[in-house]
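Participant: Provided below for reference: sequence and predicted model.
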Amino acid sequence: MLTLLVSTCGMGIQTARMPPAAFLSASASQLRRCASRRLAVKASATETVEPAAVDEPAAASAHKVPPMDAIVSVCKRRGFIFQSSEVYGGYAGFFDFGPLGVELRNNIKKAWWRDMVHRRDDIVGVDSSIIGSPQIWRASGHVDGFSDPMVDCKESKLRYRADQLFWARAEVDGELLGYVSVLESGTMEEEARATADKMKRKAKKQGTLTLSELKDYTEASEEEQPLIPSPATGEPGSLTPPREFNLMFQTNVGPLSDTSSVAYLRPETAQGIFTNFKNVVSTSRVKVPFGIAQIGKAFRNEITPRNFIFRSREFEQMEIEYFISPDDDAWQPALETWVQRSESWLASIGVRPELLSRDVHEEHKLAHYARACTDLAFEFPFGKQELMGHAARGNYDLTQHAAASGKSMEYFDDATKQKYVPHVIEPSIGVDRLMLAVLTSAYTEDEIDGESRTVLKIHPRLAPIKAAVFPLVKNKPEIVAKATEIFEKLQRRYYVQYDATGAIGRRYRRMDEAGTPFCITVDFDTIEGDGTVTLRERDSTEQRRISVADLMEYLEEQIDA
Ligand code: GAP
């Protein structure tokens, strides 16, 4: 049994308690599962799964969470998220974002950047290239170790993650009946037993059926592997031995397409921060403790992309490397501060706090340089999974890059007059995963005046459309002119929409589903009476009169405060 190794973020990869050879054969999933941030996947997917394949929740959630198909359906219906290449039948692990989706994503990124960079004086930003020198990925450990174990079924041509394919030995009165296999899920024990029962009936055996403990395919011996049935065919003999599958996408840079031109699409944004550490220190007035933030695309050739945008092959990360003193007493309070900060930031943008929990990685699973790792897990409709990681990862990456590049990564501390390579706390979250958590938190079905409605209660700060302006009727020029005037005024500051089509109730419903927090109706009172408009709040559906003059200030308070 491997005892663990690590990387944070599945990154720099070293073993704590195993020899180098064993380490090299360790899978990234083991690395990532133990080391860092990715919780064990409850997936049972294969390479050919539908892009929208969704796991069953392992157990009923203690809190009310909307079903996944409702979220997927509203996202498609209202133009948040589409399958990539949909006209060609989709492309597993890739997604496109429609008019509302791109607004929501941009607002998530803007809120993060504003709160993590602009509103702090100890964090600055960078935007590093997606493709960098392949030496980066050799030094960080990704070339050798960022892999998952996979197994192919030669018969069905399906591919599985070996650590998600489970098997057991079935015996009747101590005599071998055969082997059963199941894909990882919350109900795999029951499934394995049901399959074994069927085998026993088919073999017309009498006696007591026993099933050995379920193990994953990486734990099968060479003799056992040919006896384990493929989940696709139910027959043994077609599964290959597990092979390491590097998750980095390769490309070639320059006119030659040989091994000398191989480069990688970055699998995380973090390394671009580390490689710019010296540039930032020498060009900005930062002093330890300080952070460097980055938002950008990352690419992983996931064997089992799954659960909508939860695990995809192209995604976006928002990461901070927060550099701290190497003093032994510095990292613990810094890590705790970051975890608390993340919890309150997520709540501030509308992620339901009761769906968040901490997952503190066990100490024996950490590498020698990774001192601690705390994930924030979220109760997604398909179960509790990692939303965000926080790792105290020592000075591993800077040291690796210093050794590989020959450039010092030391920092001179003016206050203590000491030179050192800083240690780092790394909060890291995926934009897409956060978008899914925001949508899960926001999705609500309720009843208004006996009519059911679907409403996305997205925080006004993140809402794609901030307000909608309606003329009560479209055949009264003064009303239309006033509504257009208000719309154009608001449009200078926010993304707002003008809608003159259909009954007011229907217009409200359209905006509720799009997550628009405010609807403004211009009516006869506006032009003939006191110059007020009706302001209708999405969540409470309350309506009140507000003067046009106060409108902008009110929206600013609600959206930007
Ligand atoms: N630099 C640290 C790092 O990359 P990670 O746990 O592998 O660590 C950090 O990833 C975050 O990125 C995760 O918590 C998750 O929010 C997001 N993420 C990782 N892999 C993803 C994927 N395949 N699809 C969507 N988001 C992903």
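Facilitator: Structure received.
Participant: buried sites along the longest helix along the chain?
Facilitator: When the chain is parsed with DSSP state H, its longest helix is helix 331-348. Buried residues in helix 331-348, defined by neighbour count with 16 or more other C-beta atoms under 10 Å: Trp331, Ala334, Leu335, Trp338, Val339, Ser342, Glu343, Trp345, Leu346. Just so you know, the C-beta spots here come from the backbone N, C-alpha and C atoms, and that holds for glycine as well.
Participant: that one and the ligand, any residue contact?
Facilitator: No - judged by C-beta under 6 Å from any ligand atom, helix 331-348 stays clear of the ligand, getting no closer than 10.7 Å.
Participant: for that helix, packing partners?
Facilitator: strand 314-324, strand 356-360, strand 372-380, strand 383-392, strand 423-430 (3 or more C-beta pairs under 8 Å, 6 or more residues apart in numbering; DSSP states H and E).
Participant: angle of the first one against strand 383-392?
Facilitator: Spelled out, that is strand 314-324. 40 degrees (axes from the mean of the first three to the mean of the last three C-alpha atoms, to 10 degrees).
Participant: same thing with the third one?
Facilitator: For the pair strand 372-380 and strand 383-392, the angle between their directions (the same axes, to 10 degrees) equals 160 degrees.
Participant: just the CA coordinates of strand 372-380, formatted as PDB?
Facilitator: Coordinates of each C-alpha in strand 372-380 appear next as PDB, following Å, rounded to 0.1, in the frame of the first residue of the first chain:
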ATOM      1  CA  ALA A 372      -1.500  21.000   5.900                       C
ATOM      2  CA  CYS A 373      -4.400  21.100   3.500                       C
ATOM      3  CA  THR A 374      -8.000  22.200   4.100                       C
ATOM      4  CA  ASP A 375     -10.600  21.900   1.400                       C
ATOM      5  CA  LEU A 376     -13.900  23.600   1.500                       C
ATOM      6  CA  ALA A 377     -16.400  21.000   0.300                       C
ATOM      7  CA  PHE A 378     -19.900  21.900  -1.000                       C
ATOM      8  CA  GLU A 379     -23.000  19.800  -1.100                       C
ATOM      9  CA  PHE A 380     -23.600  19.700  -4.900                       C
END
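Participant: direction included, what does that strand pair up with?
Facilitator: Applying DSSP bridges, strand 372-380 is found paired with strand 356-360 (antiparallel), strand 383-392 (antiparallel).
Participant: pick the most buried one from those strands.
Facilitator: With neighbours taken as mean count of other C-beta atoms under 10 Å, the strands paired with strand 372-380 reach their highest mean count in strand 383-392, at a mean of 25.
Participant: which residues touch the residue most central in space within the chain?
Facilitator: For the chain, Arg433 is the residue whose C-alpha lies nearest the centre (C-alpha atoms, centre = their mean; 2.9 Å). By C-beta atoms under 8 Å, 6 or more residues apart in numbering, the residues touching Arg433 are Ile309, Phe310, Phe315, Leu387, Met388.
Participant: for the stretch 101-250 of the chain, which residue gets nearest to the ligand?
Facilitator: At 8.7 Å from the ligand, Leu247 is the closest residue in the stretch 101-250 of the chain, using C-beta to the nearest ligand atom.
Participant: tally of neighbours for that residue?
Facilitator: Using other C-beta atoms under 10 Å, Leu247 is surrounded by 20 other residues.
Participant: which residue packs closest to it, ignoring adjacent ones?
Facilitator: Distances taken as C-beta to C-beta, 6 or more residues apart in numbering put Arg300 closest to Leu247, at 4.6 Å, once the chain neighbours are dropped.
Participant: the residue of the stretch 51-200 of the chain found nearest the ligand: what secondary structure?
Facilitator: Going by C-beta to the nearest ligand atom, the ligand is nearest to Gly93 of the stretch 51-200 of the chain, at 8.0 Å. When classified by DSSP: H, G, I helix; E, B strand; the rest coil, Gly93 comes out as coil.
Participant: okay, now the unreliable bits of the stretch 351-500 of the chain?
Facilitator: Applying pLDDT under 70 to the stretch 351-500 of the chain flags residues 365, 367-369.
Participant: list the residues that contact whichever residue of it sits closest to the ligand.
Facilitator: Residue of the stretch 351-500 of the chain nearest the ligand, by C-beta to the nearest ligand atom: Gly430 (2.8 Å). For Gly430, the contact set (C-beta under 8 Å, 6+ apart) comprises Phe315, Glu316, Gln317, Met318.
Participant: what is the first one paired to in the beta sheet?
Facilitator: When bridges are assigned using DSSP bridges, the partners listed for Phe315 are Ala298.
Participant: and it, how close does it get to Arg538?
Facilitator: 29 Å (C-beta to C-beta, to the nearest Å).
Participant: can you check Glu343 too?
Facilitator: 26 Å.
Participant: which element is the residue nearest to Gly272 when sequence neighbours are not counted on?
Facilitator: Spatial nearest neighbour of Gly272, excluding adjacent residues (C-beta to C-beta, 6+ apart): Ser128 at 2.7 Å. Assigned by DSSP states H and E, Ser128 belongs to neither a helix nor a strand.
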